[in-house]
Every structure is written in C-alpha cells, then in structure tokens.
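Trainee: The sequence and its predicted three-dimensional model are supplied below.
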Amino acid sequence: MQEGNQPEPYVRIVCPTCNARLHPRRELIGKRVRCPDCGVAVRVVEQAQQAVPVARDGGAAGEYQLSGTDQPGEQPKTVLAVCGVCGARLFPKVELVGKRVRCPDCFKPVLVPKPAKEHTAKVARPVGEYRLDAEPAPNPLAAILPVTPVEKPPLHDPEPPPAPPPRWWFLSGIFSFPWYPGTISRWMMLTIMSLFSNGITTYGLSLAAEMASSSGVISGYGVGIKVASTIALGAIIWLVMMAYMSGCVVAVIRDTAAGNDEVGDWSDAEIYEGIWRIVYVVFPLVAAGAVGYGVYLGAQAALPVELATAQTWATVAAIATTTILYPMMLVSALEQEAFWIVVSGMALRLILGFWWGWLLVNVEAGLITGAWWWLSVLGYEWSAWLTVILGAPAFAAVILIDARLLGRFLYKAHDVVEDARMAHDDDESVVD
C-alpha cells in the first residue's frame, strides 16, 4: 500500500454537549473517550459516520441525521460549580448538591449549587397587527383593589457562604459521627464484618490449640483440615472487611476534609472500589511499620545490654514511631492520589503550618485507639468470645472516629495555612 493511501492515525469528532473538537486515535473507534471540557463520554466514530445526509421531499440538501449507533451514551449526572476564590470550574456529582467539595486549585470549600433549570423556548404567537400608540383600556378593578408591584424573584437561588469549621472542630460531631443517620448503616456493616472476622480468628486459634494437644494421627488430620478451611474462610472474610473498611475511611476523610458534616458519597465503600482502596490504607501502614522496625533495631543497638528494660524501651520507641508516621503517610498518599507517595510537600506544609492541630488530633486518636486495644487484650485473657462480641462495635466506631478526626484536621489545616499565606502576601505588598 502506498504511503498516500494510508488512513490518518487520528479521527476528528465533536462533543455533542460543548462542541469541543476532539482528535482521538483511530484505534479507539467504537469506544468512548472523556471530553476534557465537560467530562461527557463521547463515542469515537469514523468521520464519515458522524453526519449522514438525509433526503426529504424533493431531495432538500443541508439536513443531517445522526445514526443510531453514534448517539452519545448516558451522560454523567454532574452539576457545574464555580470556585468563588480562583474561578475554577468544577463538575461534582449531582448527589453532592448542597454539600461542599474542595477546590483542587486553591483548596477552598465550594458549595455545590442546584442544577440550573432548563429554559424552554417560548411558543411563537401567530402574526397579528398591533397599534403601539393607543393608550391601554382602563382597568375597572383599579378603583376597588389596590395594585401593588410584585418584585420578581432572582433567577438563581443565592448561595450561602461556606460555613466555617466548628469552634471545637476536634470534638464537635466526632464521637457521635458513627451514629449519624447516613453513617450508622456503615457502622453496623463494619460491626458485622468485624464480628465474623474476629470470631473466625478466635475459632482458628482454638483449633490450633486442639491440634497441638491431639495425640492420634487420625484426629490430628481431622483437626488439620478444620484449621486449613478456617484459615481460608477467615482470609476471605478479612479481605472483604479490609476492602469495606478502607473504602469507608477514604470516603470519610475526603468528604470531611471538603467541609461536609455528613458523607454524601459512599462510592468508595463499594467492595470493588474498596479492594483498590486497601493499598491506600495498608501501604502507608507497612511503610511506617518498616521505619518503626528500623527504630527498634537502632534502639536495641544503642541501649546498653545490661539494661533490664532495654527491650521494653525499644518496643515503645518502635510503636511510637509507627503511630506518628502512619497518619502523615496516609495523608500524603491521599493528597497525591498515589499510594506509593508516602511523603509529599503538601502534607508536610499542612502539618508544619498547623502543627498544634496535628499534635492534638494524634493524641486524641491515640487515646481512643489505645483504649480499645488494651481493653481487647485484657478481654481476650478473661473471655475471648465475649470480647469478640463487645469489641466488634467498638472497633467499627474507632475506625470511623479516627477517619473523622483526620478529615477535620485537613479541613482546618487548609484554612489555617491559606490564611497565613494570604496574610504574608498582604504584608509583603505594603509599601512604606
């Protein structure tokens, strides 16, 4: 084939919503691409298929009809929101109307307005003859009923300004959050999953103890089969619970950091989305644990061997390091939307610019999580099954409260750091 007869590597299509001109590759014909302007999915078709001339009553030219296969798919239900600070155009989901989303450019909360009403064209009146120089006929009711002018309502509902964060942002709506109307179903689901996973783990530990004490070969094989099946079932339940828990954590942090009192979008809590969210929650924990283990080895080497409490101090140092680094690494991964970026400049600026809030949130979350942990450890020594039943709802509440605290810190820290930056710019702009 000659070079001049080869088709072009790109095709030209037009977005049916905003008329943007797109140039996708020819290999994408038959698929849909996302319009960079309005976000609508547009089907990629051959140039000749986009407009088909249709003859009408005498072969009138200039009229076209789109083929049935080229019609755009169902458009995502989004609404236009404009940031009042930097003018960025956002397209959040229509389910977030009345909520606030964080502007990706200036990090200010933006209230999602109601979608604009579609204006329909007025029906044209039949052509008639009118005289404009004649005075209107007098109204016979004008002398009886006083006529007062009616003010026309505004075209759009005025948007209230973004609500400031609560004064006690680290306490207000924190401990009651798991039992909010929109959150209690997630708390119940986490409780049920935790109950099953911890129950399977406790049952597996009892089977392992039974296997260790069994003397006969046949009984040993029977217990071994039970242990293997219990481990397989427990692994599946733990994976599902971790996926759901990770999705809930990401959804709570994201919506709370945007300034919403309630979570409006729980899409990340879906199981298929939560499986991918596991790495955002687990990978920073593994990275923080690796650094903590290095601190443990360093502390053991630095402390004198004859010190009786050297092992204890090294363990405390490792746990403290992991506890301090994990929230920072989690925030970095969520800010950069990449689970492997556990250290980011934005997260460091927020933490350093609002360091006392970061310290307050970590102490509060550490006390809550530590109390649940020690009660669970002591409960297992007293009654394992009772601890499983009572510890499951507490575990679900601790997860949601810790995520809520981290989201509140991000919301408050963005405002504190931005206000400090604007004050610094104002000071530099003053001319003596």
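Mentor: Thanks, I have it. Residues are numbered from 1 along each chain as shown.

Trainee: So residue 172 belongs to a helix, correct?
Mentor: No - using DSSP: H, G, I helix; E, B strand; the rest coil, the assignment for residue 172 is coil, not a helix.

Trainee: Is the closest residue to it other than its chain neighbours in a helix, a strand, or coil?
Mentor: Using CB to CB, 6 or more residues apart in numbering and skipping the chain neighbours, the partner closest in space to residue 172 is residue 166 (3.9 Å). All C-beta spots, glycine's among them, are computed from the backbone N, C-alpha and C. Secondary structure state of residue 166, per three-state DSSP, is coil.

Trainee: any idea how far residue 313 is from residue 298?
Mentor: Distance of residue 313 to residue 298, given as CB to CB, to the nearest Å: 12 Å.

Trainee: swap in residue 12?
Mentor: In terms of CB to CB, residue 12 sits 62 Å off from residue 298.

Trainee: and if you look at residue 174?
Mentor: 36 Å.

Trainee: quick one: which of the two has more around it?
Mentor: residue 174 (22 against 13; other CB atoms under 10 Å).

Trainee: ok so, going back, do you know the pLDDT at the residue nearest to residue 172?
Mentor: As predicted, residue 166 sits at a pLDDT of 73.

Trainee: okay but it is in contact with residue 173, surely?
Mentor: Yes - Residue 166 lies in contact with residue 173 (CB atoms under 8 Å); the separation is 7.0 Å.

Trainee: model confidence over stretch 288-296, on average?
Mentor: The pLDDT scores in stretch 288-296 average 93.

Trainee: now the stretch 151-300 of the chain, which segments are flagged as low pLDDT?
Mentor: 151-165, 209-224 (pLDDT under 70).

Trainee: which residues of it fall in strands?
Mentor: Here the stretch 151-300 of the chain has no strands by DSSP state E, counting those that start in this stretch.

Trainee: Residue 390: neighbour count?
Mentor: 14.

Trainee: Please read the previous query as pertaining to residue 172.
Mentor: Residues contacting residue 172 under the criterion other CB under 10 Å number 13.

Trainee: Ok, residue 42 next?
Mentor: 22.

Trainee: and what of residue 198?
Mentor: Count around residue 198 with other CB under 10 Å applied: 24.

Trainee: Going forward, count from 878.
Mentor: Happy to do that; since the first residue is 878 now, the last one works out to residue 1075.

Trainee: so it makes contact with residue 1271?
Mentor: No - using CB under 8 Å, residue 1075 is not in contact with residue 1271; the gap is 11.3 Å.

Trainee: quick one: contacts for the nearest residue to residue 991 once chain neighbours are set aside?
Mentor: Distances taken as CB to CB, 6+ apart place residue 974 nearest to residue 991, at 5.6 Å, with adjacent residues excluded. Each residue near residue 974 by CB atoms under 8 Å, 6 or more residues apart in numbering is listed here: 956, 989, 990, 991, 992.

Trainee: And residue 974, how far from residue 886?
Mentor: The value you get for residue 974 to residue 886, if CB to CB is used, is 42 Å.

Trainee: Please apply the same query to residue 962.
Mentor: Distance of residue 962 to residue 886, given as CB to CB: 41 Å.

Trainee: if you count what's nearby, which of these two comes out ahead?
Mentor: The neighbour comparison of residue 962 against residue 886 (other CB under 10 Å) goes to residue 962, with 13 against 9.

Trainee: In stretch 1054-1065, which of the residues would be classed as buried?
Mentor: 1054, 1055, 1057, 1060, 1063, 1064 (16 or more other CB atoms under 10 Å).

Trainee: Show me the helices in the stretch 1028-1177 of the chain, by range?
Mentor: 1061-1090, 1094-1134, 1148-1179 (DSSP state H, counting those that start in this stretch).

Trainee: out of those, which comes closest to residue 1286?
Mentor: Smallest distance to residue 1286 across the helices of the stretch 1028-1177 of the chain (CB to CB): 8.3 Å, for helix 1094-1134.

Trainee: Measure how that closest one sits relative to helix 1148-1179, angle-wise.
Mentor: Interaxial angle, helix 1094-1134 versus helix 1148-1179 (axes from the mean of the first three to the mean of the last three CA atoms, to 10 degrees): 100 degrees.

Trainee: picking that back up, I'd like to know which of the helices of the stretch 1028-1177 of the chain is closest to residue 1248.
Mentor: Across those, closest to residue 1248 is helix 1061-1090 (CB to CB), at 16.7 Å.

Trainee: tell me what the closest one is packed against?
Mentor: helix 1094-1134, helix 1261-1306 (3 or more CB pairs under 8 Å, 6 or more residues apart in numbering; DSSP states H and E).

Trainee: Quick one: those as a markdown table, columns for distance to residue 1232 too.
Mentor: Below are the helices and strands packed on helix 1061-1090 laid out as a markdown table (distance: least, CB to CB, whole Å):
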| stretch | distance to residue 1232 |
| --- | --- |
| helix 1094-1134 | 18 |
| helix 1261-1306 | 10 |
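
Trainee: Go through these and name the closest to residue 1166.
Mentor: helix 1094-1134 (15.8 Å).

Trainee: can you give me the offset of that closest one from its chain's centre?
Mentor: 24 Å (CA atoms, centre = their mean, to the nearest Å).

Trainee: do the same with stretch 1274-1282
Mentor: The chain centroid and the centroid of stretch 1274-1282 are separated by 15 Å under CA atoms, centre = their mean.

Trainee: One more: stretch 1280-1292?
Mentor: Taking CA atoms, centre = their mean, the mean C-alpha location of stretch 1280-1292 is offset from the chain mean by 14 Å.

Trainee: What confidence value was assigned to residue 1022?
Mentor: 51.

Trainee: Looking at the contacts of residue 974, spot the one nearest residue 1166.
Mentor: The nearest one, if we look at the contacts of residue 974 relative to residue 1166 and count by CB to CB, is residue 989, at 38.4 Å.

Trainee: Just to check, residue 906 is in contact with residue 887?
Mentor: No - contact criterion CB under 8 Å: residue 906 and residue 887 do not qualify, at 10.7 Å.

Trainee: which SS class is residue 919?
Mentor: Assignment for residue 919 (three-state DSSP): strand.

Trainee: beta partners for it?
Mentor: residue 910 (DSSP bridges).

Trainee: Distance check, it against residue 890.
Mentor: From residue 919 over to residue 890 the distance is 6 Å, taken as CB to CB.

Trainee: Any stretches of the stretch 1178-1309 of the chain with poor pLDDT?
Mentor: Residues of the stretch 1178-1309 of the chain that meet the cut-off, pLDDT under 70, sit at 1299-1309.

Trainee: what do you get if the cut-off is 50, keeping everything else the same?
Mentor: Scanning the stretch 1178-1309 of the chain for pLDDT under 50 picks out 1306-1309.
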